[in-house]
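Novice: Got a predicted structure here, sequence first:
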Amino acid sequence: MIKLIDVCKSFGTQRVLDELNLKIKAGRTTVIIGRSGGGKSVLLKHIIGLLKPDSGRILVDGDDIAGMSDRDLNEIRKRFGMLFQEAALFDSMTVGENVAFPLREHTRLKEEEIHEIVADRLGAVGLSGIEGKMPSELSGGMRKRVGLARAIALRPEIVLFDEPTTGLDPVMAEAVNQLIVETQKKFNLTCVVISHDVESIFRIAHRIAMLYEGRIIEEGTPEEIRASRNPVLKQFLAGRIEGPIQIL
Ligand SMILES: Nc1ncnc2c1ncn2[C@@H]1O[C@H](COP(=O)(O)OP(=O)(O)OP(=O)(O)O)[C@@H](O)[C@H]1O
């Protein structure tokens, strides 16, 4: 569904993506792993067109979004949902208004219909009836759930998750993982998740891709990744200090 071909991106003299190639399968969850500051968020922003590559192509269902006008890009973006780090809810809006936001931005649905969809999506994340609450009244896990309800408001085909379990306790992290698995299945979503939470990765991934020094150095099923002999991958998954990954 999504193909990145020879994607390069630098900021000043710092090359973050270096002829990166990756295929993301439809109806599957692909987790992109890699060290902090390694370029995972930059990669995700290229997939949704928030950043443009210096060179290379990014195909979404065969359309190259790298050279697209903002208008065409807006159309493509309707097919995406995104759950940002820290959920990124609008603090001055109620939960209901947060979830309704993409519907009000991108559709001409009537208020009644919007209310129905908001109730449905909040139900899907196990938070029925909290439309009137403010984000500040919610726990971190609940905020993530509301963020997910908002991300799926428009029934997207593709949902991008930027470190969905960061900052949550293990129980809450597992609840969010389960929710990702259930929501992916229920809506047959193509999910791209970036994470360095090794526990979570193996719980949610159909495919895992390791980003290192600007490239995907290994991609495969969780079993294949576990069995990999790649020293970078082995060091990363084991959380060892010794190995090819340099600690700055
Ligand atoms: N808009 C930008 N301008 C300049 N440099 C940037 C920009 N966005 C990202 N970078 C740099 O690109 C590198 C990769 O950043 P990125 O946020 O993608 O890392 P990450 O792998 O997501 O890290 P983390 O796991 O810590 O979130 C960093 O060195 C960062 O400073």
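Specialist: Cool, got the structure.

Novice: Just the endpoints, please. Distance across stretch 23-36?
Specialist: 22 Å (C-alpha to C-alpha, to the nearest Å).

Novice: got it, and stretch 38-51?
Specialist: End to end - C-alpha to C-alpha - stretch 38-51 spans 16 Å.

Novice: cool, stretch 209-222 as well?
Specialist: Stretch 209-222: ends 10 Å apart by C-alpha to C-alpha.

Novice: in that stretch, what's buried?
Specialist: 209, 210, 211, 212, 213, 214, 215, 216, 218, 219, 220, 222 (16 or more other C-beta atoms under 10 Å). No exception for glycine: its C-beta is placed from N, CA and C like everyone else's.

Novice: do the same with stretch 88-104
Specialist: 89, 94, 95, 96, 97, 98, 99, 100, 101, 102, 103.

Novice: Stretch 27-41 now?
Specialist: Buried residues in stretch 27-41 (16+ other C-beta under 10 Å): 28, 29, 30, 31, 32, 33, 34, 35, 38, 39, 40, 41.

Novice: Quick check: nearest residue in space to residue 31, chain neighbours excluded?
Specialist: In this structure, residue 31 finds its nearest non-sequential neighbour in residue 205, 4.1 Å apart by C-beta to C-beta, 6 or more residues apart in numbering.

Novice: what residues are up against the one you found?
Specialist: Contacts for residue 205 were tallied using C-beta atoms under 8 Å, 6 or more residues apart in numbering; they are 29, 30, 31, 193, 222.

Novice: Could you rerun that using 7 Å?
Specialist: 29, 30, 31, 222 (C-beta atoms under 7 Å, 6 or more residues apart in numbering).

Novice: where along the protein do the helices fall?
Specialist: For the chain, the helices defined by DSSP state H occupy 40-47, 70-77, 95-106, 111-124, 140-151, 170-187, 198-204, 222-227, 231-238.

Novice: Can you tell me which of the ones you listed is most buried?
Specialist: Neighbour counts (mean count of other C-beta atoms under 10 Å) averaged over each of the helices of the chain peak at helix 140-151, with a mean of 24.

Novice: just to revisit the earlier point, quick check: which of the helices of the chain is nearest to residue 162?
Specialist: Nearest to residue 162 among the helices of the chain is helix 40-47 (6.0 Å), distances taken as C-beta to C-beta.

Novice: circling back to that earlier point, who wins for proximity to the ligand among the helices of the chain?
Specialist: For the ligand, the closest of these is helix 40-47, at 3.4 Å, according to C-beta to the nearest ligand atom.

Novice: The closest one - contacts with which helices or strands?
Specialist: strand 2-11, strand 14-24, strand 158-162, strand 190-194 (3 or more C-beta pairs under 7 Å, 6 or more residues apart in numbering; DSSP states H and E).

Novice: Low-confidence bits of the protein, can you list those?
Specialist: Regions of the chain meeting the criterion pLDDT under 70 cover residues 248.

Novice: How much space separates the residue nearest to residue 143 when sequence neighbours are not counted from the ligand?
Specialist: Setting aside the residues directly before and after it, residue 143 is nearest to residue 87 in space (C-beta to C-beta, 6+ apart), at 4.3 Å. Distance, residue 87 to the ligand, by C-beta to the nearest ligand atom, to the nearest Å: 15 Å.

Novice: Quick one: neighbours of residue 87, just the number.
Specialist: 23 (other C-beta atoms under 10 Å).
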